[in-house]
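Participant: how does the following fold in three dimensions:
(3 chains)
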Amino acid sequence: MFQIDVTGEFAAFFIFSAIMICGAVLMISLVKVVHMLLSMAAVFLGLAGMFVLLEAEFVAFVQVLIYAGAVSILMIFGIMMTNHQHVEREKAKPLHEALAAVAALCLFGFIFYAIRSTTFPEPGPFDAGEDNTMAIGELLYTGYVIPFELLSVLLTVAFIGAILLARKEAE
Amino acid sequence: MDMYTKAAWIVPLLPLAAFLVLTALGRGSRRAGAVFGSLFSLAALVLSLLIVAERLEPDAVDYSYAFDWIRAGDFTLRIGFEVTNLTAMMLAVVTLVSFLVNVYSAGYMKNDERITVYYGYVSLFTFSMLGLVLSDNLLSLYIFWELVGVCSFLLVGFWYAKPKAKAAAKKAFIVTRIGDAGLLIGIMLLFWYMPDHALDFTTIQSVFDGQSGAITTGITTLIALCIFLGAVGKSGQFPLHVWLPDAMEGPTPISALIHAATMVAAGVFLIARTYDIFQDSAAAMETVAYVGGFTALFAATIALVQQDIKRILAYSTVSQLGYMIMALGLGSLTGGIFHLFTHAFFKALLFLGAGSIIHAVHTQNIKEMGGLGTRMKLTAWTFAIGALALSGIPPFSGFWSKDLILTAAYESNPLLFFVGLAAAFCTALYMTRLFILVFMGKPGAASAAAHEAPRSMTVPLVALAVPAAIAGFVETPWNGWFGSWLSGHQEPAHGSAAAIIASIAVSVLGLYVGWLVYGRRSIGRITLAERSPWLYKLLERGYFVDELYAAAVVKPIKLAGQLLILFDEFIVGGLVRAAGAATSSAGRLAARLQNGQTQTYGLAAVIGLVILVAALVGRRFLP
Amino acid sequence: MLPSYLTLAAILFCIGLYGALVKRNAVIVLLSLELMLNAVNLNLVAFSKYGVVPSLTGQIFSLFTITVAAAEAAIGVAILIALFRLRGTVKIDEFDEMRR
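Facilitator: Numbers count the residues shown, from 1 in each chain, chains lettered A, B, ... in the order given. All right, here's what the predicted structure looks like:
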């Protein structure tokens, strides 16, 4: 079942996944909010590494830029502007947390069972393009131009909305 | 030449229109009731009289019109109307009395707050009664039969603030309901056994008339007795007569219209309509005759000692209806219908007269009246005509019809002849007592301030006094015109001198004895009460029939009802409460989930997802 | 290799789910949501390489997802700031407006 055959990809995958799982678990278990955020940044960076492994250089670049950069900074601002001294206190609702843990574990069990019991066919050859960025760019401006444009509108609307929501009410 | 006959369906629609208009007006306009009610019933009266005029022509044939109402499989129910000489006569009687009562009520009910509602009910009743008369089949007759029952209920309980009126309305409805159930069973039996399930009177007539043998004698008797049970309930025959005296709690014009002239005669009319069924069964005819005869004498003896003017007249109505039923049972259709015809006039007249008296003295107890003859001359004279007609004194109308019945009894059943004579004697006696106590002698406690009723009330009295006096001449021992007209073939006039003499003799004797006891007082009027108080008591309470029913029927039913209430309270109610408690506790449990926190909702959704997936995945492991 | 990537994504997704259901600081809940979205992205990109018909479409889709996630984060933080201004807290269990 587990035919471990140690290649460079496997080693890199192992390291990155270790970083990510550690980061995620730390995010759940740490006490100070800022620490949680930092561990989350490690997850984001690990994921970028995964993308590189999967021959998706442009997505990895975007991941670093947007997540490790923009979203993390945004969250830090969020924490700063709200209650940065916040400390997770004692568990107020043990039943709730236990149920959530059981549910999450069960869900994971089902997904794991599904993955394990599925026979994935041998993948065909993957061509990430000579220049991944250029290939993606071409696709975006040909086949996916309409979703792309729609997405740009969505982003504009979202950011205008965010500004409106967050600004102080005029006196 | 039958233009008006073909338009007979309009007659019941006129009071229906009045009812709809008055209902739409509500209580707003007080004068509208009298105006609309009287106008529409006048129109109906005119049309009915035109129809009768058409029917009087010698070559008039019965007219009926029907259309398909319900088709179910190969069975078609047709509904429509039929005009025969009998229905034409009933139309005229009903519309005439209805019109006069409408006019009379304008005065009698003048100060009532709900006068518009009252007129609406009266119009609805007139519509139902006319529909009943015109029905061409038993099913639509039954519908109208129930409708008149409802109107009777509404009008008896019209002053529903009075507990007695409320109780009387309930009693009238429930007791007649027993008879109605019988009628319904009879109709169902007919439906079952008739060829093609036909229920219209024409087919019934041909099936039972032709001796076709389609229905055995036993079934015929059963059907006839079931229908007769309906008539017993509606026409207040023993043993279902108990509702009629109590129904006098309603307004007096209503007593005249519904409980004297029209609705209570519906039972007699029903038997006349289905007379062929009865004629096929000797046993049924005998039952009808004996029930009628017994009721006639039974009610007449009760009327002798009553003290409430309206109750006397009510028992008298029961007694006279008994006469009609007896006549039908003796095979004299003409006698029964003829008495119905004359009785409608003189009994409506008597009730309206009683209403005029009550209007003047504000009491119904005849012991408190007296000496009213001088103060209310018109009422006294018209009342006297009605009383003489009822007592069977020639030449007033009641004499001729009663004489016809007694002749029929004399010829076929001596026992019933003597019963009829005894009842006639009692009738004359109690009418004399009533008249003397009310109109003669010294003024009583309540009659000091009495005065004649307004014009709107006296005119109907005069209008009714005329037919009450002379309507009898359509059928006399030497002239069988009415019977011939009614049956459609020449009927010989017949009279027997012995019956006539006996009839006149007992009536005059009744008058004379009444005069001796209450007028000259040569016989002490309290003798009966003193000598045999138990007999007096027995008569006064109507042979304790009410008390008997209370003990034998009402109490056990109430007891069973209480047991059922316990059952309902603890077992059914317990189950219901348990179900309610289970639901509400489940709701409380679920409400705790509704704590408004997103994460709880999310958790519930995830658990749901897990369960769903588990169910889907789990199927794989099942054998 | 595909099952390994998928398993990793499942682990991350479930951790994110647990965090979103349990954490009391609203900012961290948002962060957990981002984690779940990232797990999905990993799936998309992994299928784009190891799927039956490998193509760049998976990567394109992950780009779209990242964009939407960015918009979501921005709106989310904006809402949190507005809420904080209104109620003086970002503890998610103190918001029970849905109950009323």
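Participant: secondary structure element for residue 60?
Facilitator: Using chain A here. Assigned by DSSP states H and E, A:A60 falls within helix A:57-63.
Participant: switch to chain C, that's the one I care about
Facilitator: Using DSSP H and E, C:I60 sits within helix C:57-87.
Participant: also B:G236?
Facilitator: With DSSP H and E as the test, B:G236 turns up in no helix or strand.
Participant: before we move on, what about the one 10 residues further on?
Facilitator: Counting by DSSP H and E, the element that carries B:D246 is helix B:243-246.
Participant: now do the helices in chain A.
Facilitator: A:8-29, A:33-53, A:57-63, A:72-81, A:94-117, A:132-141, A:145-166 (DSSP state H).
Participant: can you redo these as TSV with distance to chain B, mean neighbour count and mean pLDDT?
Facilitator: Every residue, glycine included, has its C-beta placed from N, CA and C. Output for the helices of chain A, formatted as TSV (distance: least, C-beta to the nearest C-beta, whole Å; neighbours: other C-beta atoms under 10 Å in any protein chain shown; pLDDT from 0 to 100):
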stretch	distance to chain B	mean neighbour count	mean pLDDT
helix A:8-29	14	16	89
helix A:33-53	17	21	90
helix A:57-63	26	22	90
helix A:72-81	17	19	85
helix A:94-117	5	16	89
helix A:132-141	34	15	87
helix A:145-166	18	14	90
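Participant: with respect to B:V148, which of those helices lies nearest?
Facilitator: Nearest to B:V148, of all the helices of chain A, is helix A:94-117, at 71.2 Å by C-beta to C-beta.
Participant: what does that closest one rub up against?
Facilitator: A:1, A:91, B:599-600, B:603, B:606-607, B:609-610, B:613-614, B:617, C:3, C:6-7, C:10-11, C:13-15, C:17-18, C:21-22 (C-beta atoms under 8 Å, 6 or more residues apart in numbering or on different chains).
Participant: apart from its chain neighbours, what residue comes closest to residue 77?
Facilitator: All of this refers to chain A. Of all residues not flanking A:F77 in the chain, C:V77 sits nearest, at 7.0 Å (C-beta to C-beta, 6 or more residues apart in numbering or on different chains).
Participant: what's around that neighbour, how many residues?
Facilitator: By other C-beta atoms under 10 Å in any protein chain shown, 25 other residues sit near C:V77.
Participant: list the contacts for it?
Facilitator: Per C-beta under 8 Å, 6+ apart, neighbours of C:V77: A:74-75, A:77-78, A:162, A:166, C:27, C:30.
Participant: B:A88: which of those is nearest?
Facilitator: Using C-beta to C-beta, A:A162 is the member of the contacts of C:V77 that lies nearest B:A88, at 91.8 Å.
Participant: domain ranges for chain A?
Facilitator: What automatic domain parsing lists as the domains of chain A is A:7-88, A:91-119, A:132-171.
Participant: in CSV: those domains, plus distance to B:S356.
Facilitator: Shown next, in CSV, are the domains of chain A (distance: least, C-beta to C-beta, whole Å):
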stretch, distance to B:S356
domain A:7-88, 94
domain A:91-119, 87
domain A:132-171, 86
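Participant: for B:I436, find the nearest of the ones you listed.
Facilitator: domain A:91-119 (96.5 Å).
Participant: run the chain-centre distance for that closest one.
Facilitator: Counting by C-alpha atoms, centre = their mean, to the nearest Å, domain A:91-119 is centred 19 Å from the centre of its parent chain.
Participant: by mean pLDDT, which helix or strand of chain B comes out lowest?
Facilitator: helix B:527-531 (a mean of 62; mean pLDDT, DSSP states H and E).
Participant: could you point out the helix or strand that follows it?
Facilitator: Next element after helix B:527-531 (DSSP H and E): helix B:533-540.
Participant: which strands and helices sit next to that next one?
Facilitator: Under the contact criterion of 3 or more C-beta pairs under 8 Å, 6 or more residues apart in numbering or on different chains; DSSP states H and E, helix B:533-540 touches helix B:282-303, helix B:527-531.
Participant: how about 7 Å then?
Facilitator: helix B:527-531 (3 or more C-beta pairs under 7 Å, 6 or more residues apart in numbering or on different chains; DSSP states H and E).
Participant: residues from chain B in reach of chain A?
Facilitator: B:600, B:603, B:606-607, B:610, B:613, B:617 (C-beta under 7 Å from any C-beta of the partner chain).
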